[in-house]
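Visitor: got a predicted structure plus its sequence, pasted below:
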Amino acid sequence: MRTANHPETTRYNYLLAAARLARYLEEQSPDPDADEAAVNPAAVTRAHVEAFQAWMVETRSAGTALNKRKCLKQFFGWLQLDEEVIDRSPMRRIREPRTPVKLVAVLGDETPRSCWRLAAGRASSRCGTRR
């Protein structure tokens, strides 16, 4: 990835996702075959990744699970295409977790006016508070 000029943070995130999956398989997975998969990426199955993704949604957030999924997709793609360690990626046909849309609070009518007055030096109060 260095030769393709990927940023160090990208490389770190890919490795972090792979390490987190391995730790999940070793410590959390109920699957008895997960021990082998924890130390051998070629033994990771679609079921392992789906269980990991569900666990991430439950224990972290859908956004974090989506981020890890994207990183793992790149990691397993690299193992398949560049390193030729695996014949088929376990990420095939795994759907992205749905991430909820977060609504942003809209400013009230008075808040922009009071901020404008404050910026103009005509008010000594904070933005959003009345004099």
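Guide: Received, thanks.
Visitor: R98: neighbour count?
Guide: Number of residues near R98 (other CB atoms under 10 Å) recorded here: 10. The way it works is simple: take the backbone N, C-alpha and C, and place the C-beta from them, glycine included.
Visitor: relative to A38, how far out is Q28?
Guide: 10 Å (CB to CB, to the nearest Å).
Visitor: the more surrounded of those two?
Guide: When neighbours are counted by other CB under 10 Å, Q28 and A38 differ, and A38 comes out ahead with 19 against 13.
Visitor: give me the element the more buried one is part of.
Guide: Per DSSP states H and E: A38 is located in helix 34-39.
Visitor: helices or strands up against that helix?
Guide: helix 8-27 (3 or more CB pairs under 8 Å, 6 or more residues apart in numbering; DSSP states H and E).
Visitor: centre-most residue in the chain?
Guide: Against the mean C-alpha coordinate of the chain, by CA atoms, centre = their mean, the closest residue is N67 at 2.0 Å.
Visitor: buried residues in the helix or strand harbouring it?
Guide: Using DSSP H and E, the element containing N67 is helix 62-77. In terms of neighbour count (16 or more other CB atoms under 10 Å), helix 62-77 has its buried residues at A62, A65, L66, N67, K68, R69, C71, L72, K73, Q74, F75, F76.
Visitor: can I get those in CSV with distance to T9 and pLDDT?
Guide: Converted to CSV, the buried residues of helix 62-77 look like this (distance: CB to CB, whole Å; pLDDT from 0 to 100):
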residue, distance to T9, pLDDT
A62, 22, 92
A65, 19, 95
L66, 17, 95
N67, 12, 95
K68, 15, 96
R69, 18, 96
C71, 11, 95
L72, 16, 96
K73, 17, 95
Q74, 13, 92
F75, 15, 93
F76, 20, 94
